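> Prediction below, plus the sequence it came from.
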Amino acid sequence: MPSRPFEAGAVRALSWDVDGTLYSARRVAVRYWLAVLAASLSGDGRSAWQATASLHRFRRRMERLRREEGLIEPDDARIGRRLVLERRWLLPAMAAVGARTGVDAALQALRSRFRAQVAFSDFEAADKLASLGLTRHFDAVYSGERMGWLKPRPEPFRRILADLELMPEQLLHIGDRADTDGCGASAAGCRVLLLSRDFRSFRELQTMLVR
């Protein structure tokens, strides 16, 4: 499908969602469950299922908070405990699957096109970016759970704008969910492009933004 016309206009910086945008959550989930099955067959099933239950409770809690007001009390200890589980069980699956096709090339090209490029995830994403081999492309990594707001709250976007000293129309957010990325960025006055809705591949996105 040919790239649709897109005028970047005043955009000076890009903000990238991580989960579901830079990598396929479905493919990572398949790899994760294969690892859980392998652990079960090798005698480490209890640890694998405990980790799975804990991560599932975390996701349910985050979605509940999102549906309410999107406010979250930052808890470094709780985040730290979850990161230990992710490093043991989730990140190996993510590293094996890798980033979506074309992501690395697009990030490289767009980094030279715009003044700044940041990652903004609801959840701590530094380890995920490292597992995907993408850390070098970003000037900063923002975590909604550490800032105290989940998308679609506009406050995290306003924090990014303040840090980068930008007006809302100068930030373009790239994500995959209209109800979180789309609504949050729009509420802060930022522009937004969504995977599957506005572009189908990262090669297409690169063509849209690099003129």
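That came through, no problem. Numbering: from 1, shown residues only.
> The chain: helices as residue ranges?
Using DSSP state H, the helices found in the chain span residues 25-42, 45-68, 76-85, 91-97, 103-113, 126-132, 144-147, 155-164, 183-187, 202-209.
> Run through the neighbouring helices and strands of the third one.
With contacts defined as 3 or more C-beta pairs under 8 Å, 6 or more residues apart in numbering; DSSP states H and E, helix 76-85 has these neighbours: helix 45-68, helix 144-147. (Each C-beta comes from the backbone N, C-alpha and C, glycine too.)
> Could you say which of these is packed most deeply?
Highest mean neighbour count of these: helix 144-147, a mean of 20 (counted as mean count of other C-beta atoms under 10 Å).
> With just CA atoms, put that helix into CSV.
Extracted in CSV, the C-alpha atoms of helix 144-147 (Å, rounded to 0.1, in the frame of the first residue of the first chain):
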residue,chain,number,x,y,z
GLY,A,144,4.0,6.3,33.1
GLU,A,145,4.0,4.1,36.2
ARG,A,146,7.0,6.0,37.6
MET,A,147,5.5,9.4,36.7
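> could you say what helices and strands it packs with?
Using 3+ C-beta pairs under 8 Å, 6+ apart: helix 144-147 touches helix 76-85, helix 155-164.
> In TSV, list the ones you listed along with mean pLDDT and distance to residue 55.
What follows is the helices and strands packed on helix 144-147, written out as TSV (pLDDT from 0 to 100; distance: least, C-beta to C-beta, whole Å):
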stretch	mean pLDDT	distance to residue 55
helix 76-85	93	6
helix 155-164	98	22
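> List of residues touching the worst-scoring helix or strand of the chain on mean pLDDT?
Ranked by mean pLDDT, DSSP states H and E, the weakest helix or strand in the chain is helix 45-68, scoring a mean of 91. Outside helix 45-68, the residues that touch it by C-beta atoms under 8 Å, 6 or more residues apart in numbering are 35-36, 39-40, 71-72, 82, 85-86, 88-90, 122-123, 145, 150-152, 180.
> could you check the angle helix 25-42 makes with that helix?
For helix 45-68 against helix 25-42, the angle by axes from the mean of the first three to the mean of the last three C-alpha atoms, to 10 degrees is 150 degrees.
> Helix 45-68 vs helix 76-85, what angle?
Using the same axes, to 10 degrees: helix 45-68 against helix 76-85 is 130 degrees.
> can you start the count at 4 instead of 1 from here on
All right, first residue 4 from here; so that's helix 48-71.
> ok, now how distant is residue 29 from residue 202?
According to C-beta to C-beta, to the nearest Å, residue 29 and residue 202 sit 18 Å apart.
> Same drill for these two, tell me which one is more crowded.
residue 202 (22 against 10; other C-beta atoms under 10 Å).
> Distance of the more buried one relative to residue 191?
21 Å.
> Could you do residue 47 as well?
44 Å.
> and what of residue 62?
Residue 62 is 25 Å from residue 191, by C-beta to C-beta.
> Ok, residue 205 next?
Per C-beta to C-beta, residue 205 is found 24 Å from residue 191.
> for residue 160, same thing?
Using C-beta to C-beta, which is the criterion applied here, residue 160 is 4 Å from residue 191.
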